[in-house]
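# Predicted coordinates and the sequence they were generated for:
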Amino acid sequence: MNKLLILDRDGVINQDSDAYIKSLAEWIPVPGAIAAIARLSRAGWTVAVATNQSGLARGYYDLATLEAMHAHLRQLVAEQGGEVGLIVHCPHGPDDGCDCRKPHPGMLKQIAEHYAADLAGVWFVGDSSGDLEAALAVDCQPILVKTGKGERTLAQGLPAGTLLFDDLAAVADHLLQQE
């Protein structure tokens with residue numbers, strides 16, 4: 001599988017909140033993001049998602065709510081003729097010592113295993129330093145978008161080799177122009 005793209009969720013696909021996205025009503029797509037995923041999917045890309053969801057561990061929402069958000073994401077993309085690939089989440093809190101919570105690369109490895117894919121050079125699009133660190137840990141190409149926490153992350157300085165885009169729509173434009 002040569003056309004695999006991995007996305008962080010909050011701040012990349014949907015609006016982020018320091019108070020967490022706790023309900024379907026709070027899950028609001030970033031302008032252009034749904035169309036970007038659909039365009040990539042229609043062009044043959046597999047778009048997977050790796051998302052830290054410590055709100056589960058913190059008791060802010062339950063798994064059924066998280067699954068409803070992801071079903072809504074899949075429905076919105078399907079309405080534009082695309083599909084979302086594997087969605088993996090880390091349900092743990094920051095102090096749980098798991099290996100899946102970004103900046104650890106566990107979720108990226110899970111996606112690679114699912115698709116029997118080599119992650120070297122696969123683009124991982126995120127908005128936080130944890131996303132970029134996870135990408136680098138498994139030889140993915142780190143991509144920062146300026147949506148979500150992206151501007152804050154940019155101000156802290158980026159790891160060498162990180163590519164910068166305004167938003168997911170700009171990432172899709174770039175990838176589709178390369179074909």
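Thanks, I have it.
# Next, the residues that contact whichever strand in the chain runs longest from outside, please.
Ordering each strand of the chain by length in residues (DSSP state E) puts strand 46-52 first. Applying C-beta atoms under 8 Å, 6 or more residues apart in numbering, the contact partners of strand 46-52 are 1, 3-10, 13, 37, 40-41, 70, 73, 82, 84-90, 101-102, 107-108, 110-111, 114-115, 124, 130, 134. In short, each C-beta sits where N, CA and C put it, glycine included.
# again, only using 7 Å
1, 3-10, 37, 40-41, 84-90, 101-102, 107-108, 111, 115 (C-beta atoms under 7 Å, 6 or more residues apart in numbering).
# Of those, which belong to helices?
37, 40-41, 107-108, 111, 115 (DSSP state H).
# quick revisit: and the contacts of strand 46-52, which are buried?
4-10, 37, 40-41, 84-90, 101-102, 107-108, 111, 115 (16 or more other C-beta atoms under 10 Å).
# pLDDT score for residue 179?
As predicted, residue 179 sits at a pLDDT of 79.
# For stretch 25-35, the averaged confidence score.
Here the average pLDDT along stretch 25-35 is 97.
# For it, C-alpha coordinates in PDB please.
Taking C-alpha atoms only, stretch 25-35 is exported to PDB below (Å, rounded to 0.1, in the frame of the first residue of the first chain):
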ATOM      1  CA  ALA A  25     -22.600  18.400  19.100                       C
ATOM      2  CA  GLU A  26     -19.000  19.600  19.900                       C
ATOM      3  CA  TRP A  27     -17.500  17.600  17.000                       C
ATOM      4  CA  ILE A  28     -17.300  20.300  14.400                       C
ATOM      5  CA  PRO A  29     -15.200  19.700  11.200                       C
ATOM      6  CA  VAL A  30     -12.400  22.100  10.300                       C
ATOM      7  CA  PRO A  31     -13.600  23.900   7.100                       C
ATOM      8  CA  GLY A  32     -12.500  21.900   4.100                       C
ATOM      9  CA  ALA A  33     -11.300  18.800   6.000                       C
ATOM     10  CA  ILE A  34     -14.200  16.500   5.100                       C
ATOM     11  CA  ALA A  35     -13.900  17.400   1.500                       C
END
